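>>> Need a 3D model of the sequence below.
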Amino acid sequence: MSHRTLLSCLAAVTLLAAGCSGEGTGQAPGVATLQSAAPVAPSAVAAQRPVFPFDASDDDRRAMAKPWEDCLVRKGGAKFKGHAEVLIVKGDVYTEDAREKAVYRACEPQQPETYEDHQRRTDLTTFKDNQREWYKCAQDAGYKLTAPDPETGEFGLTEVGPNGDAASPKIQECRRKAFAG
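Numbering: from 1, shown residues only. As a prediction, the model looks like this:
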């Protein structure tokens with residue numbers, strides 16, 4: 001082997017040995033650490049619940065609620081069949097029974113909610129701003145309204161008049177403007 005080849009090999013081995021010495025940053029980790037993301041907290045999972053679009057039809061809502069109802073039936077039995085329809089008609093489900101509450105809690109990440117309910121739960125300040133905007137629009141449209149709740153900004157109709165009720169096109173347009181921009 002020539003001197004030149006021997007020196008090249010010696011230089012390469014020296015560089016490799018220097019790279020493995022751990023002196024690079026001067027801070028060797030004392031404990032092994034994971035590089036993966038932290039597990040998602042339950043509240044973060046609940047914040048990711050499906051949200052019904054404003055323009056969703058009842059069929060769209062049923063399709064979105066089916067995985068939630070399937071979860072309820074899987075965890076709680078056949079008595080939970082039809083709960084998707086209850087959610088769509090009433091907007092929520094409620095029980096005092098501890099076992100049923102546990103089933104609802106277990107399936108909560110799959111339970112769809114309205115945009116307003118999602119916003120109330122995850123961003124109350126913006127929800128209150130949108131409620132104020134909806135209230136002003138409905139008032140300007142001639143609806144007779146209750147005073148807004150000081151905590152949430154929510155309000156109700158005091159009478160059903162010529163403009164119709166809470167499902168009337170005018171008040172729904174105000175709702176859409178306030179929440180959907």
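>>> remind me, longest helix of this structure?
As assigned by DSSP state H, the longest helix anywhere in the chain is helix 58-76.
>>> In CSV, could you pull the C-alpha coordinates for that helix?
Coordinates of each C-alpha in helix 58-76 appear next as CSV, following Å, rounded to 0.1, in the frame of the first residue of the first chain:
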residue,chain,number,x,y,z
ASP,A,58,-81.8,16.0,7.0
ASP,A,59,-80.4,13.1,4.9
ASP,A,60,-76.9,14.7,5.2
ARG,A,61,-77.4,15.0,9.0
ARG,A,62,-78.5,11.4,9.2
ALA,A,63,-75.4,10.2,7.3
MET,A,64,-73.1,12.3,9.5
ALA,A,65,-74.9,11.0,12.7
LYS,A,66,-74.8,7.3,11.7
PRO,A,67,-71.2,6.5,12.9
TRP,A,68,-72.2,8.1,16.3
GLU,A,69,-75.4,6.0,16.5
ASP,A,70,-73.5,2.9,15.5
CYS,A,71,-71.0,3.6,18.4
LEU,A,72,-73.9,4.0,20.8
VAL,A,73,-75.5,0.7,19.7
ARG,A,74,-72.1,-1.1,19.9
LYS,A,75,-71.4,0.2,23.4
GLY,A,76,-74.9,0.4,24.9
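>>> Which parts of the protein belong to which domain?
The chain breaks down by automatic domain parsing into domains covering 42-114, 123-180.
>>> Please enumerate the strands of the chain.
51-52, 113-114 (DSSP state E).
>>> Could you check how far residue 156 is from residue 178?
Distance of residue 156 to residue 178, given as C-beta to C-beta, to the nearest Å: 15 Å. C-beta here means a position set from N, CA and C on the backbone, and glycine is covered the same way.
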